[in-house]
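# Dropping the sequence and predicted coords here.
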Amino acid sequence: MTTDNTASATQTFPVGTMEPEYTLNEALDTDEAGTFAEISDEDRAHWMRARAFVQEDVLPVIGEYWDNSEYNLDLVARMGELDLLRDGVDVPGYPPMSKMAAGLISMELSRGDGSISTVAGVQGGLAMRSIAMCGSDEQKQRWLPDMAAGKLLGSFALTEPTHGSDSIGLETSAVPVEGGYVLNGEKKWIGNGSMGGITVVWARSSEDGKVLGFVVPQDSEGYTATTITGKLSLRAIHQAHIRMENVFVPTENVLPKAQSFKDTSAVLFATRIGVAWAAVGHAQACYESAVQYAAQRKQFGRQLAASQIVQERLARMLSELTQIQTLVMAMARKEEAGSLTGSQASLAKFTATRTARQIAANARDLLGGNGILLENRVARHFADVEAIHTYEGTETVQALIIGKSITGISAYN
């Protein structure tokens, strides 16, 4: 004789011991100060297109890819279809995209996931922008449309194993030979550098020591790229350690307007405000999850949201989020007007990433043990904020740039 224990077990299961499934991915209205109320309809359309992509394509799958350290190229292709890859870079055959629209897209993609936002930052903000700013018309036509469409992945190779913050000291060499140059050296932390596309390599000329730019196909002889493993952050995009041994680059792949490190810096300057936008997106994601969790989680017989200390935490997070929304918007207006300075861009990045870290930490703590689970969103953003806090110039470097502006004294020469 067999006994069906299922029904009795269900009937006697203690009420309240089964944890509900939390829904923490909904997009909330977090613009408490109306910071974004006056953006143009065109810019808002770009933003909402990115939001639809995040809600429909990214959030349902990204946790699994992040957990498994897998790079979902289908999402990259979809970004190309939706014109979310070019970070405002002018591309033949594409309509103009304002700097404001590019910032809003960066913010929204980061609200979905840091790896996805970094894809656009590398592809559009760095690789495409290098070609757009320093390339010839023929080079722009040759590479930019396919890159914007997500058909050709691009990377930006500046950082070296022994030259991170002091990237101006790069040692990768470029020796002129008949028909082009030969490159030798190593690069590290290069997003998309091992994906089979092209790499914009910055190297020092053996003739005069100037820093020059080169577009290197990743299947070039002597180009070896190893995907970096063991990352705790940005796990759904691949970064590479690149080794170049006598890589020949033909003259037609040399960027004619890249003649010094100032040209490299101009590309980096144009992306710095984008990292500040990304920080706002991460902060918003963490705040949204905290608000939704507080409403759904019950402790001591009531919602967490009914506790005074929880309401104080949420108020603090909203206050901090509003501050960086306002700051980044102000700097974006200056960028659009052409008046943004280097120290102002650094202030935006310095403040936004620091504040996003605080909001992420607060949200993680508010979720308790559930805050370390990837399915609950916050842990992924908590980890990814650490990466944006460092790349495109560490907190210390940004502080020194700001400090020089304040005092008139350079402390890093």
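Cool, the structure landed.
# Tell me if residue 246 really is in a strand.
Yes - secondary structure of residue 246 (DSSP: H, G, I helix; E, B strand; the rest coil): part of a strand.
# count of neighbours near it?
Residue 246 has 12 neighbours, counted by other Cβ atoms under 10 Å. No exception for glycine: its C-beta is placed from N, CA and C like everyone else's.
# list the contacts for it?
By Cβ atoms under 8 Å, 6 or more residues apart in numbering, residue 246 lies in contact with 182-184, 222.
# got a winner among those for most neighbours?
Going by other Cβ under 10 Å, residue 183 tops the contacts of residue 246 with 24 neighbours.
# what about the helices in the stretch 301-413 of the chain?
308-337, 342-366, 378-390, 395-407 (DSSP state H, counting those that start in this stretch).
# Out of those, which is closest to residue 75?
Closest approach to residue 75 among the helices of the stretch 301-413 of the chain is made by helix 378-390 (15.0 Å; Cβ to Cβ).
# ok so, going back, reformat the helices of the stretch 301-413 of the chain as CSV; add mean neighbour count, mean pLDDT and distance to residue 110.
Below are these laid out as CSV (neighbours: other Cβ atoms under 10 Å; pLDDT from 0 to 100; distance: least, Cβ to Cβ, whole Å):
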stretch, mean neighbour count, mean pLDDT, distance to residue 110
helix 308-337, 17, 97, 12
helix 342-366, 23, 96, 9
helix 378-390, 23, 94, 8
helix 395-407, 16, 92, 18
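# do you know which of those lies nearest residue 261?
helix 342-366 (13.9 Å).
# Does anything pack onto the closest one? Which helices or strands?
With contacts taken as 3 or more Cβ pairs under 8 Å, 6 or more residues apart in numbering; DSSP states H and E, helix 342-366 sits against helix 261-296, helix 308-337, helix 378-390, helix 395-407.
# How far does that helix sit from its chain's centre?
The chain centre lies 14 Å from the centre of helix 342-366; the measure is Cα atoms, centre = their mean, to the nearest Å.
# Just want the angle from that helix to helix 308-337.
160 degrees (axes from the mean of the first three to the mean of the last three Cα atoms, to 10 degrees).
# For residue 211, grab the count of nearby residues.
Neighbours around residue 211, by other Cβ under 10 Å: 22.
# Spatially nearest residue to it (excluding sequence neighbours)?
Using Cβ to Cβ, 6 or more residues apart in numbering and skipping residues adjacent in sequence, the residue nearest residue 211 is residue 261, 4.4 Å away.
# Is there a neighbour count for the one you found? I'd like the number.
Neighbour count of residue 261, defined by other Cβ under 10 Å: 19.
# surely it meets residue 168?
Yes - the criterion here is Cβ atoms under 8 Å, and residue 261 meets it with residue 168 at 5.3 Å.
# anything in contact with each of these two?
With Cβ under 8 Å, 6+ apart as the test, residue 261 and residue 168 both reach residue 211.
# mind giving me the domain ranges of this structure?
Here the domain parsing of the chain from automatic domain parsing is 41-148, 154-261, 265-407.
# looking at those domains, which is closest to residue 32?
Using Cβ to Cβ, those put domain 265-407 closest to residue 32, at 5.4 Å.
# So what's the gap between that closest one and the chain middle?
Per Cα atoms, centre = their mean, the centroid offset for domain 265-407 relative to its chain is 13 Å.
# cool, stretch 201-209 as well?
The answer for stretch 201-209 is 28 Å, by Cα atoms, centre = their mean.
# Could you give the average pLDDT over that stretch?
Stretch 201-209 shows a mean pLDDT of 95.
# again with stretch 171-178
For stretch 171-178, mean pLDDT rounds to 96.
# got a list of contacts for it?
With Cβ under 8 Å, 6+ apart as the test, stretch 171-178 has contacts from 160, 162-163, 181-187, 201-207, 212, 214, 244, 248-249.
# Now list the buried members of those residues.
Listed as buried from those are 160, 163, 181-187, 201-204, 212, 214, 244, 249; burial here means 16 or more other Cβ atoms under 10 Å.
# and those, which of them are in strands?
Using DSSP state E, the subset of the buried ones among the contacts of stretch 171-178 located in strands is 181-187, 201-204, 212, 214, 244, 249.
# Nearest to residue 31 among these?
residue 202 (38.6 Å).
# Identify the bridge partners of the closest one.
residue 213 (DSSP bridges).
# hang on, isn't it packed against residue 265?
No - with contact defined as Cβ under 8 Å, residue 202 does not count as touching residue 265 (10.5 Å).
# on that earlier part again, can you redo the helices and strands packed on helix 342-366 as TSV with distance to residue 355?
Shown next, in TSV, are the helices and strands packed on helix 342-366 (distance: least, Cβ to Cβ, whole Å):
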stretch	distance to residue 355
helix 261-296	7
helix 308-337	5
helix 378-390	10
helix 395-407	12
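# Can you list phi and psi of residue 307 for me?
The phi/psi pair for residue 307 (degrees, to the nearest 10) reads phi -90, psi 140.
# sorry, that was for residue 90
Per degrees, to the nearest 10, the backbone of residue 90 is at phi -70, psi 130.
# and the closest residue to it other than its chain neighbours, how far is that from residue 27?
Among residues not flanking residue 90 along the chain, residue 132 sits closest, at 6.2 Å (Cβ to Cβ, 6+ apart). Using Cβ to Cβ, to the nearest Å, one obtains 31 Å as the distance from residue 132 to residue 27.
# neighbour count winner among the two?
Using other Cβ under 10 Å, the more surrounded residue of residue 132 and residue 27 is residue 132, with 22 against 16.
# The more buried one belongs to a strand?
No - read with three-state DSSP, residue 132 is helix and lies in no strand.
# Identify the residue spatially nearest to residue 46, adjacent ones excluded.
In space, residue 46 is closest to residue 101, 3.9 Å off (Cβ to Cβ, 6+ apart).
# And the next helix or strand past whatever helix or strand the one you found lives in?
Per DSSP states H and E: residue 101 is located in helix 99-112. Using DSSP H and E, the next helix or strand after helix 99-112 towards the C-terminus is helix 114-120.
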